[in-house]
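Engineer: task: produce atomic coordinates for the following.
(one chain, ligands or ions: 1)
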Amino acid sequence: MADLRFDGRVVVVTGAGAGLGKAYALLFASRGAKVVVNDLGGGRHGDGSSSKAADAVVDEIKRNGGTAVADYNSVVDGEKIIKTALDNFGRVDILINNAGILRDKSFAKITDQDWDLVHSVHLKGSFKTTQAAFPVFKKQNYGRIIMTASNSGLYGNFGQANYSSAKLGLVGLANTVAIEGRKNNIFCNVIVPTAASRLTEDILPPDLYAELKPELIAPVVAYLCHESCQENGSIIESAAGWAGRCTIVRANGSLLRRRPEDDVSIENVRDNWSIIRDISNAQRLESIQDATGALMSSLDGLRSGTDGVGGEESDVFQFCNKDTILYALGVGASVTAENELKYLYENSEDFSVLPTYYIMPAMQVMFTSSAVSRAVPGKEIGLEQVLHGEHYIEMVGEVPPQDGKLVSKFRISEVLDKGSGAAIVCDIDTFDQNGNLVARNQCVTFAVGAGKFGGPRTGTKAVPCQPKPSRNPDATLSQKTSVDQAALYRLSGDVNPLHIDPNMALMAGHKTPILHGLCSLGFSVRLVLSAFAGHDTSLFKAVKARFVKPVIPGETLKVDMWREGNRIFFETSVVESNQVVIAGAYVDLKSVKAALPSSPKSNMSNLKSDAIFEFIVDQVKQDPGKAKAIGGVFLYNITKDGKQAKQWTMDLKNAKVFEGKPDGKPNTTLTVSDEDFLLLAEGKLNPQQAFMKGKLKVTGNIMLAQKLAPLLKTNAAKL
Ligand SMILES: CCCCCCC[C@@H](O)CC(=O)SCCNC(=O)CCNC(=O)[C@H](O)C(C)(C)COP(=O)(O)OP(=O)(O)OC[C@H]1O[C@@H](n2cnc3c(N)ncnc32)[C@H](O)[C@@H]1OP(=O)(O)O
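Structural biologist: You can find the predicted model right below:
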């Protein structure tokens with residue numbers, strides 16, 4: 001490609017006697033431009049004047065075969081500088097406002113003179129030169145203007161209140177000149193240079209100063225001034241051979257009131273402060289029209305929020321390993337269960353977050369908002385009325401990092417009149433820090449007693465539940481919840497008093513506080529992952545569930561599962577009451593791993609309890625040392641078809657096995673079916689897993705029972 005040239009163009013560079021200005025002047029001249037080298041020749045504090053600096057640069061340009069003329073006027077007399085160009089070259093095409101001085105003082109000591117002088121040279125000077133050049137540019141329908149700002153203006157700098165305010169003033173000046181000049185092909189941009197110059201020589205560290213050659217910035221300015229460059233109204237920072245666009249961004253922000261008739265209180269501002277100042281989803285607004293448009297859409301959201309549907313609210317959710325571990329404990333993960341240490345110990349090699357944890361950001365934004373309480377026209381919904389009706393979560397793309405910050409956007413999509421209550425369909429999209437969608441949540445909140453408001457009964461927005469297959473389940477896993485399960489789970493963020501406060505529970509019509517629906521769901525999905533995904537959380541895609549009956553903390557959850565391809569249908573019931581509590585539910589996996597056998601009854605039919613007894617005796621005889629090392633007195637109950645078949649005592653302290661109960665109290669009791677015993681003995685069923693699944697019941701010393709496993713793991717063909 002051809003070199004970018006400036007033949008026939010006339011360039012005015014102010015403050016071109018040294019530093020950046022000189023580098024600009026030399027570069028433009030070397031590319032064919034005629035240059036007005038303006039320099040008052042004063043000191044860096046704006047004192048004195050001399051023609052030497054400008055003359056030296058003009059001489060250098062001429063020696064190199066270029067064309068240049070010196071100008072010694074102050075920029076405050078900008079029209080005189082432009083006249084120099086017109087008088088000598090008959091035109092002016094490019095204006096580089098570069099001249100500057102410093103009068104650094106801490107703010108407390110700054111005088112009016114320090115202020116006025118710096119503002120005169122930087123801001124007024126750039127105004128005056130531009131004012132003189134603008135009509136010429138307009139007439140010829142061409143012009144390029146550069147304003148010189150500074151990081152001191154963009155970010156502030158100690159001792160430079162006068163200088164930084166003038167520098168940022170130049171950004172404002174450029175913004176408007178860019179708008180007003182655009183239709184006449186007059187472009188105005190801002191350069192934010194960090195260069196070695198007389199202004200910075202005793203401010204910057206020597207090592208950095210040496211790298212900050214003005215010649216490395218000059219090409220950036222020259223390109224911005226070339227006729228082929230269409231950039232206009234931009235701030236370009238450049239230093240040390242690097243350049244990048246700087247911009248002012250605006251946070252997504254937060255509505256501070258919920259309805260147009262509401263006032264804004266100081267507390268509203270305080271409560272939304274983290275969202276107001278969060279710039280993780282900030283946007284660059286390209287114009288004042290965009291800024292006004294953004295305000296108008298906030299107002300639209302406010303207006304549409306009056307009927308509870310359509311308005312969007314957002315919230316920032318921060319979490320770390322400790323939070324995901326607390327959540328895992330809240331949904332029943334245990335260090336005693338096979339493969340679950342990964343949810344509970346941050347230094348585990350495969351430390352993982354249970355996918356249902358990503359429901360938490362959605363719940364947070366819902367609880368922060370008051371939209372649900374206003375969702376039903378004419379009714380204020382209290383917390384004691386709301387039940388979790390249904391939930392859907394889909395992980396989109398990569399699972400986010402194990403700790404970080406997420407932003408959730410919440411809107412009510414639909415409010416259905418179910419007679420006995422209102423079903424409020426809430427959609428929440430959760431994004432990572434880069435604005436990538438990571439999870440889609442949908443929570444159907446059932447507001448008891450809020451129905452009969454004349455709304456539609458059926459809708460289109462809720463992800464539908466799916467009926468379970470009609471055959472027997474392919475797998476079933478059970479787990480008892482703790483009486484303190486809700487007390488533990490609520491620490492993950494759902495602090496609805498319904499789950500802990502007996503009075504609140506009574507008000508809501510429950511005898512005791514009930515378990516969070518999402519806690520039962522967390523248990524269920526964890527058990528599905530254990531049965532069909534080998535606890536590989538990356539295989540999880542989505543879950544949908546309907547909560548049909550409350551669970552009381554302490555009850556045992558039984559999850560029946562059916563596999564159909566990569567979809568695992570499930571139904572959760574409470575063992576003690578035999579009531580279904582989660583229905584119409586399924587987990588979608590990316591693929592199925594370590595599926596439980598659909599029928600564990602294969603090749604078991606010949607198994608005899610007596611043979612097991614002989615097998616154990618044999619094992620203990622073969623390895624009495626190991627038996628003694630394990631120690632303990634085990635009462636071993638073998639069941640067949642769910643009934644007690646045989647009872648033995650394994651007195652491993654004395655390496656003896658005999659039929660019946662021990663004389664004293666056994667320290668550990670194990671109960672297992674003869675079929676599962678075979679699987680245990682074959683090593684096909686892990687004792688921990690068997691315990692988790694309720695196949696091996698252990699009372700007493702669980703650790704001792706675990707030690708027994710290697711003694712049993714042998715070739716069951718012997719049986
Ligand atoms: C502000 C932030 C909000 C946060 C959200 C919640 C936060 C949490 O802290 C709260 C909880 O975790 S609560 C605990 C978990 N949930 C439960 O225990 C609810 C259990 N379900 C029930 O009790 C009933 O199904 C019940 C009461 C929900 C409905 O029973 P009935 O009134 O008897 O209704 P029924 O006659 O069976 O059906 C009437 C119509 O309603 C639909 N429906 C029923 N159950 C639903 C449910 N769970 N979700 C959605 N819709 C449901 C029925 O389909 C029927 O509609 P249609 O005739 O159109 O099919």
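
Engineer: in the stretch 251-400 of the chain, which residue sits closest to the ligand?
Structural biologist: Using Cβ to the nearest ligand atom, the single residue of the stretch 251-400 of the chain nearest to the ligand is Gly389, 2.6 Å away. The C-beta positions use only the backbone N, C-alpha and C, and glycine is treated the same way.

Engineer: which residue, other than its chain neighbours, is closest to that residue?
Structural biologist: Phe446 (3.5 Å; Cβ to Cβ, 6 or more residues apart in numbering).

Engineer: what's near enough to touch that neighbour?
Structural biologist: Val386, Leu387, His388, Gly389, Lys418, Gly421, Ala422, Ala423, Ile424 (Cβ atoms under 8 Å, 6 or more residues apart in numbering).

Engineer: ok, what's across the strand from the first one?
Structural biologist: Listed beta-bridge partners, Val386: Ala447 (assigned using DSSP bridges).

Engineer: what's around it, how many residues?
Structural biologist: Residue neighbour count, defined by other Cβ atoms under 10 Å, stands at 22 for Val386.

Engineer: cool, Ala2 as well?
Structural biologist: Per other Cβ under 10 Å, the neighbour tally for Ala2 reads 4.

Engineer: thinking again about what came up before, wait, the residue of the stretch 251-400 of the chain closest to the ligand sits on Arg546?
Structural biologist: Yes - the pair Gly389 / Arg546 is scored as a contact, 6.8 Å apart, by Cβ atoms under 8 Å.

Engineer: thinking again about what came up before, of the contacts of Phe446, closest to Leu515?
Structural biologist: If you rank these by distance to Leu515 using Cβ to Cβ, His388 comes first, at 10.5 Å.

Engineer: and the residue nearest to that closest one when sequence neighbours are not counted, how close does it get to Thr537?
Structural biologist: Of all residues beyond its chain neighbours, the one nearest His388 is Gly517 (3.5 Å), with distances taken as Cβ to Cβ, 6+ apart. According to Cβ to Cβ, to the nearest Å, Gly517 stands 21 Å off from Thr537.

Engineer: when the two are compared, which one has more neighbours?
Structural biologist: Here Gly517 and Thr537 are compared on neighbour count by other Cβ under 10 Å; more neighbours surround Gly517, at 25 against 20.

Engineer: show me the helices in the stretch 201-350 of the chain, by range?
Structural biologist: 206-211, 218-224, 266-271, 273-276, 288-304, 321-330, 341-344 (DSSP state H, counting those that start in this stretch).

Engineer: repeat that for the stretch 51-200 of the chain.
Structural biologist: Assigned by DSSP H, counting those that start in this stretch, the stretch 51-200 of the chain shows helices spanning 52-63, 78-89, 112-119, 125-140, 151-155, 161-181.

Engineer: out of the ones you listed, nearest to the ligand?
Structural biologist: Nearest of these (Cβ to the nearest ligand atom): helix 151-155, 41.3 Å.

Engineer: same question for that closest one, mean pLDDT?
Structural biologist: Predicted confidence along helix 151-155 averages 94 (mean pLDDT).

Engineer: so Ile552, which state does it fall into?
Structural biologist: coil (DSSP: H, G, I helix; E, B strand; the rest coil).

Engineer: and it, what does it touch?
Structural biologist: Thr512, Ile514, Leu515, Val574.

Engineer: neighbour-wise, give me the winner out of the residues you listed.
Structural biologist: Busiest of the contacts of Ile552 [other Cβ under 10 Å] is Leu515, holding 23 neighbours.

Engineer: is it true that it lies in a helix?
Structural biologist: No - applying three-state DSSP, one finds Leu515 to be coil, outside a helix.

Engineer: any low-confidence regions in the stretch 451-600 of the chain?
Structural biologist: 594-600 (pLDDT under 70).

Engineer: try the stretch 251-400 of the chain
Structural biologist: 258-259, 280-281, 297-298, 300-311, 399-400.

Engineer: mind redoing it with 50?
Structural biologist: Residue ranges of the stretch 251-400 of the chain with pLDDT under 50: 305-308.

Engineer: that one: strands as residue ranges?
Structural biologist: 312-319, 386-395 (DSSP state E, counting those that start in this stretch).

Engineer: around the ligand, pick out the residues from the stretch 501-650 of the chain.
Structural biologist: Ile514, His516, Gly517, Arg546, Phe547, Val548, Lys549, Pro550 (Cβ under 6 Å from any ligand atom).

Engineer: run the last query once more with 8 Å
Structural biologist: Counting by Cβ under 8 Å from any ligand atom, the residues of the stretch 501-650 of the chain close to the ligand are 514-520, 546-551, 581.

Engineer: want to throw those into JSON lines with distance to Glu261?
Structural biologist: Converted to JSON lines, these look like this (distance: Cβ to Cβ, whole Å):
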{"residue": "Ile514", "distance to Glu261": "36"}
{"residue": "Leu515", "distance to Glu261": "39"}
{"residue": "His516", "distance to Glu261": "35"}
{"residue": "Gly517", "distance to Glu261": "34"}
{"residue": "Leu518", "distance to Glu261": "34"}
{"residue": "Cys519", "distance to Glu261": "38"}
{"residue": "Ser520", "distance to Glu261": "40"}
{"residue": "Arg546", "distance to Glu261": "37"}
{"residue": "Phe547", "distance to Glu261": "35"}
{"residue": "Val548", "distance to Glu261": "39"}
{"residue": "Lys549", "distance to Glu261": "40"}
{"residue": "Pro550", "distance to Glu261": "37"}
{"residue": "Val551", "distance to Glu261": "41"}
{"residue": "Val581", "distance to Glu261": "42"}
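
Engineer: of the residues you listed, closest to the ligand?
Structural biologist: Gly517 (2.7 Å).

Engineer: contact partners for the closest one?
Structural biologist: Leu387, His388, His391, Phe547, Ile582.

Engineer: most widely separated two among these?
Structural biologist: Leu387 and Ile582 (13.1 Å).

Engineer: more crowded one of those two?
Structural biologist: Ranked by neighbour count (other Cβ under 10 Å), Leu387 and Ile582 place Ile582 first, with 25 against 18.

Engineer: just checking, the more buried one touches Phe547?
Structural biologist: Yes - applying Cβ under 8 Å, one finds Ile582 in contact with Phe547, separated by 6.1 Å.

Engineer: who in the stretch 351-500 of the chain is up against the ligand?
Structural biologist: 363, 366-367, 369, 372-373, 383, 386-390, 416, 418-421, 423, 426, 443-446, 448, 457-458, 462, 494, 496, 498-499.
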